[in-house]
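Q: Please work out how this folds:
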Amino acid sequence: MGGQVGIDSEKCLGMTIWFTAKLDKQPAGAASQIGRTLPAVKVLVVDSHKANRSLVQSLLEAWGARCEDAADASATLSALHRAAALNDPFRIVLLDLDPQGIEVETLARMITGDDYLSHPRILLMSPLGAAVGAERLSAAGVSGFVRKPIAERQLHTAIERALGAADHEARPLLIGPRAPTVPRNVHILVADDDPTNRVVAKAMLSRLGYTADAVCDGVDALEALKAARFDFVLLDCEMPKLDGYQTSRRIRAGDAGPENANIPLLALTANAMQGAREKCLAAGMSDYLAKPIEQRQLSELLDRWIAASSDTTSIFDVDSLRRRLMGDRELCASVIATFLEDAPRQRAALKTQIAQGNERSAQRQVHSLKGAAATVSAVAVAASADEIEQACFAGDLRKAAARLPSLEGHLLEFQSVSSTFGRSRRNVQETTKGPV
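A: Numbering: from 1, shown residues only. As a prediction, this is how the structure comes out:
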C-alpha cells in the first residue's frame, strides 16, 4: 500500500507501533460490505454489557434491521410480550450466554415455550473457548450460536441461516461449528473418594482413548496438579479433607500452580437437585455431570471441552496480528518479545496497586496491559485483563485480586502458543518470582 510500518520502544515507558499507508477514499455508504440485507427484520439484543449491545445494534441497523435491547431476563421477557401485544413480534433474539437473573436454558425455554411470542429464533452469543453443548441448547430451543467477539460476517450468516430455517425446520437447527474429531493425547485427573467410582471413571476414560490418574481427595488433587501436567480434572463434589467446591476455589486461586488456574474442572455430583449446577459454577467449576456417570455423556462432555481448548485462536490470534503488521514475521516476533518482556513488570505493578487498595491506579495499569495484549493479539490475556479492569472500575478489588491467577495462567499460555515465532524470550513465570 505504498507505506511503512515500524515500532518505537522505550524501556519502562512502553512501545508505539506506527504505520503509514495510502488508501483510496471509500464512496458514500460503503462502510459495510454487507449492505441493507435485513430490511425491517426485528431483533432483540440481550446482553448485560451496554457496550456489547451497542456494537451488535450498530451492525444490525446498518443491515436495515429494527433493533431493541435488554440488559437482563426480566427486560427480555417484557420486550417480547410488549412486541407481541402490538402484533409486531421479534423474529430473532440474540441472547448472551449469561443473562442476568436466570439461567440461559431456562430463559430460552420460557421464550420458545410461549406461543404468544410467535416463536422467535434464538441465537446464543458465547465467548471464545466457552463450552456450549449442542444437545443441551437444542433441547432448550436455541437455534444456534455466534462466538464473541462478534464478527460482522459471522453474525450476518448466522441470522440469515436462522431466518431461512425458521419456515423449514420442525426442530432447531444448530448454527455453528461442530466439535471436530480430536486426537486423544489428553491426560485427565480423577478426584473421587469412592474407590469404585475411581475404577469406573478410569475404565471409561481408557475405553475412550484417554490416559487418566486418580486421587481420593482434594488435597491429593492439588499435589497431583503440581507434580504433573493434566488437561482436565474430573472433580467429585463431596470428598473428605477438601471437598470439590473448596478444591475448585483453591485451583482457581493458583494453589495448584498458575499454569493450572484456568484448567477445565468438570464437576461430578450425585446431587441432581435444582441449583446443583449453579453451585458448581459459582465455585469456579467449568461444567457439570450428574452421577451415575454414563460413558456417552462423559464422552460428549469431554469432546465439547477438547474442541473448545483446541482452538488456540482463543489464546493467540496469529492471523489477526499478521494482518495488522502486513505479514512481517520479524516485526511480529519483535512485538511479541517486547510484550513478554514487559508484561511481568506490568503484572507485578498491578498486583501491588490492588494490594494497596489503589483502585484508580490499578485500573490504569490493567488498562495499559489490556491494550498491549490486544496489540499482540493475546486474546485470552486481554479478556482476563478486561475482567480485572471492570472489577477495579466497580471498586471491587477483592474480585480483581481473585482474577490475577487467571491472568498469570493466560500469560503462560500465550508465551507457549506464541513460541512458534522462534524468538528467544524470558520465561514469564521465571521473570515474576513467586505466586500471584
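Q: Could you give the backbone dihedrals for residue 235?
A: The phi and psi values for residue 235, taken as degrees, to the nearest 10, are phi -120, psi 110.
Q: That one: how many residues sit nearby?
A: Residue 235 has 27 neighbouring residues, counting by other CB atoms under 10 Å. In this view, the C-beta of every residue, glycine as well, is placed from N, C-alpha and C.
Q: ok, now residue 209?
A: The burial count for residue 209: 11, using other CB under 10 Å.
Q: And for residue 74?
A: Quick note: residue 74 (other CB under 10 Å) scores 13 neighbours.
Q: Over to residue 105?
A: Neighbours around residue 105, by other CB under 10 Å: 17.
Q: Also the one 4 residues further on?
A: Residue 109 has 15 neighbours, counted by other CB under 10 Å.
Q: do the same with residue 253
A: 17.
Q: now swap in residue 364 and tell me
A: Residue 364 sits with 15 neighbouring residues when counted by other CB under 10 Å.
Q: Following the chain onward from the helix or strand it falls within, which element is next?
A: Following DSSP states H and E, the helix or strand that holds residue 364 is helix 359-375. Sequence-wise, the next helix or strand downstream of helix 359-375 (DSSP H and E) is helix 379-393.
Q: For that next one, name the packing helices and strands.
A: Contact here means 3 or more CB pairs under 8 Å, 6 or more residues apart in numbering; DSSP states H and E; on that basis helix 379-393 packs against helix 329-355, helix 359-375, helix 397-402, helix 404-417.
Q: Any chance you could list what contacts it?
A: For helix 379-393, the surrounding residues in contact (CB atoms under 8 Å, 6 or more residues apart in numbering) are 127-129, 313-317, 343, 350, 354, 359-360, 362-363, 366-367, 369-370, 373-374, 397, 399-400, 403-404, 406-407, 410-411, 413-414.
Q: and what of stretch 116-126?
A: 44, 47, 52, 56, 80-81, 84, 89-97, 104, 108, 111-112, 132, 137, 141-148, 150, 158-159, 162-163, 165-166, 175.
Q: ok, and for it, which residues are buried?
A: 117, 120, 121, 122, 123, 124, 125, 126 (16 or more other CB atoms under 10 Å).
Q: Turn these into TSV, columns for pLDDT.
A: Output for the buried residues of stretch 116-126, formatted as TSV (pLDDT from 0 to 100):
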residue	pLDDT
117	90
120	93
121	93
122	93
123	92
124	88
125	85
126	76
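Q: Closest one of these to residue 72?
A: Lowest distance from residue 72 to the buried residues of stretch 116-126 (CB to CB) belongs to residue 125, with 14.7 Å.
Q: how close does that closest one sit to residue 91?
A: 17 Å (CB to CB, to the nearest Å).
Q: same deal with residue 71?
A: For residue 71, the distance to residue 91 - CB to CB - is 21 Å.
Q: likewise residue 119?
A: Distance, residue 119 to residue 91, by CB to CB: 9 Å.
Q: Residue 47 too?
A: In terms of CB to CB, residue 47 sits 18 Å off from residue 91.
Q: Mind checking which of the two has more residues around it?
A: Applying other CB under 10 Å to residue 47 and residue 91 shows that residue 47 carries more neighbours, namely 26 against 21.
Q: Can you get me a residue count around the nearest residue to that one once chain neighbours are set aside?
A: Of all residues not flanking residue 47 in the chain, residue 96 sits nearest, at 4.3 Å (CB to CB, 6 or more residues apart in numbering). The local packing of residue 96 (other CB under 10 Å) involves 25 other residues.
Q: correct me, but residue 96 touches residue 46?
A: Yes: between residue 96 and residue 46 there is a contact at 5.6 Å, judged by CB atoms under 8 Å.
Q: Among the contacts of stretch 116-126, name the buried ones.
A: Neighbour-count burial (16+ other CB under 10 Å) applied to those gives 44, 47, 52, 56, 80, 84, 89-96, 104, 108, 111-112, 132, 137, 141-148, 150, 158-159, 162, 165, 175.
Q: Cross those residues against strands and list the overlap.
A: Under the assignment DSSP state E, the buried ones among the contacts of stretch 116-126 contribute 44, 92, 93, 94, 95, 96, 144, 145, 146, 147, 148 to strands.
Q: which among these gets closest to residue 213?
A: Out of these, the member with the shortest distance to residue 213 (by CB to CB) is residue 147, at 32.9 Å.
Q: you'd agree that closest one is up against residue 154?
A: Yes: applying CB under 8 Å as the test, residue 147 and residue 154 come out as touching, 6.8 Å apart.
Q: Next one: the closest residue to residue 104 other than its chain neighbours, what pLDDT does it get?
A: Sequence neighbours aside, residue 97 is the residue nearest to residue 104 in space, at 6.0 Å (criterion: CB to CB, 6+ apart). Per-residue confidence (pLDDT) for residue 97: 74.
Q: Phi first, then psi, for residue 97.
A: Torsion angles, degrees, to the nearest 10, at residue 97: phi -60, psi -30.
Q: Look up how far residue 105 lies from it.
A: 11 Å.
Q: what are the bridge partners for the residue nearest to residue 47, then?
A: Residues in a beta bridge with residue 96, per DSSP bridges, are residue 125.
Q: one step back: which one of the ones in strands among the buried ones among the contacts of stretch 116-126 sits closest to residue 228?
A: residue 147 (32.0 Å).
Q: How much space separates that closest one from residue 157?
A: On the measure of CB to CB, residue 147 and residue 157 end up 12 Å apart.
Q: Residue 338 now?
A: From residue 338 over to residue 157 the distance is 37 Å, taken as CB to CB.
Q: So the two - more neighbours on which side?
A: The residue with more neighbours, out of residue 338 and residue 157, is residue 338; 20 against 15, by other CB under 10 Å.
Q: ok, that one - contacts?
A: Counting by CB under 8 Å, 6+ apart, residue 338 has contacts 7, 9, 15.
Q: Name the spans of the stretch 51-200 of the chain whose pLDDT lies under the cut-off.
A: Within the stretch 51-200 of the chain, the segments meeting pLDDT under 70 span 99-101, 127-135, 165-184.
Q: Report the contact partners of the closest residue to residue 231 other than its chain neighbours.
A: Spatial nearest neighbour of residue 231, excluding adjacent residues (CB to CB, 6+ apart): residue 186 at 4.7 Å. By CB under 8 Å, 6+ apart, residue 186 lies in contact with 210, 211, 231, 232, 302, 306.
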